[in-house]
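1. predicted model follows, preceded by the sequence.
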Amino acid sequence: IGDRVGPGVEIHVDGKPVHIVGGLETRVILYHKPEGEICTRDDPDGRRTVFESLPSLKIGRWIIVGRLDINTTGLLLFTNNGEVANTLMHPSSNLEREYQVRILGEITPAIIARLTKGVMLDDGMASFKKIEVMRGQGANKWCKVVLMEGRNREVKRLFESQGLQVNKLKRTRFGKQYLPKSLSPGHWIEGKCE
């Protein structure tokens with residue numbers, strides 16, 4: 001159980017050869033998660049899950065790459081290849097995650113400096129690689145942030161550490177994969193394995 005074999009290897013079970021059908025093609029899909037869906041296969045509370053909108057697979061299953069909380073929207077990646085999923089999620093891959101964030105409160109240069117230098121959260125130091133203030137209306141300001149990891153609620157907790165409240169959060173990029181502008185919430189498209 002759990003042994004790996006490559007092409008051209010003969011496998012015998014109880015002395016009889018086992019014929020292997022060609023390798024499974026790696027697939028990656030980009031999904032636009034709407035608000036209100038949860039990132040789990042089965043929810044005991046009966047809430048809608050992100051897996052319900054995905055195409056069915058004849059062999060294997062979809063593996064989610066990272067997660068978004070129930071109120072966060074945007075890009076989720078799925079693959080049918082566990083090694084690809086692990087590579088994409090592992091910190092050593094140094095893949096950026098980009099978000100658009102609407103914040104209640106004033107984002108000062110001092111706050112930007114602290115958040116890019118790093119602040120101590122309950123699970124260790126965290127920081128944004130980049131913060132770009134965009135536009136705003138009244139008390140709400142939009143900004144774009146880039147993270148190098150994806151800890152639980154990290155974007156929200158970083159801003160909360162500075163007394164700011166995140167009231168809208170959308171992931172727009174994971175590594176080289178961008179959320180296509182034409183992809184509606186609740187829909188998916190085939191992506192590339194990069």
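-> That came through, no problem. What you are looking at is a predicted structure, and each value in this text was computed from that prediction instead of being measured.
2. residue nearest the centroid of the chain?
-> G66 (3.8 Å; Cα atoms, centre = their mean).
3. what sits closest to it if chain neighbours are left out?
-> Spatial nearest neighbour of G66, chain neighbours left out: G150 (4.9 Å); criterion: Cβ to Cβ, 6 or more residues apart in numbering. From N, CA and C alone the C-beta is placed, and that goes for glycine too.
4. helix or strand: which one has the one you found?
-> Per DSSP states H and E, G150 falls between elements, in no helix or strand.
5. gap between it and F128?
-> 13 Å (Cβ to Cβ, to the nearest Å).
6. of the two, which one has the most company?
-> F128 (25 against 17; other Cβ atoms under 10 Å).
7. if we can go back for a sec, so who does the residue nearest to the centre of the chain touch?
-> L76, L77, L88, M89, R97, G150, F174 (Cβ atoms under 8 Å, 6 or more residues apart in numbering).
8. the residue nearest to the second one when sequence neighbours are not counted: how many residues sit nearby?
-> Counting by Cβ to Cβ, 6+ apart, V65 is the residue found nearest to L77 once chain neighbours are left out, at 3.9 Å. Residue crowding around V65 was assessed by other Cβ under 10 Å; the count is 22.
9. let me see the contact set for V65.
-> V65 touches L76, L77, F78, T79, A85, L88, M89, F174, counting by Cβ under 8 Å, 6+ apart.
10. a markdown table for the residues you listed, including distance to F159, pLDDT and secondary structure?
-> Formatted as a markdown table, the contacts of V65 follow (distance: Cβ to Cβ, whole Å; pLDDT from 0 to 100; DSSP: H, G, I helix; E, B strand; the rest coil):
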| residue | distance to F159 | pLDDT | secondary structure |
| --- | --- | --- | --- |
| L76 | 22 | 96 | strand |
| L77 | 24 | 96 | strand |
| F78 | 28 | 96 | strand |
| T79 | 30 | 94 | strand |
| A85 | 28 | 91 | helix |
| L88 | 25 | 90 | helix |
| M89 | 23 | 87 | helix |
| F174 | 20 | 94 | strand |
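11. are any of those residues buried, and which?
-> Buried members of the contacts of V65, scored by 16 or more other Cβ atoms under 10 Å, are L76, L77, F78, T79, A85, L88, M89, F174.
12. would you turn those into CSV with distance to G118?
-> As requested, the buried ones among the contacts of V65 are exported to CSV (distance: Cβ to Cβ, whole Å):
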residue, distance to G118
L76, 27
L77, 27
F78, 31
T79, 31
A85, 28
L88, 24
M89, 22
F174, 22
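13. now do the same contact list for E160.
-> Counting by Cβ under 8 Å, 6+ apart, E160 touches V166.
14. please enumerate the strands of the protein.
-> For the chain, the strands defined by DSSP state E cover 11-13, 16-18, 28-33, 63-65, 73-79, 97-104, 119-121, 124-126, 130-137, 140-147, 165-174, 177-178, 188-190.
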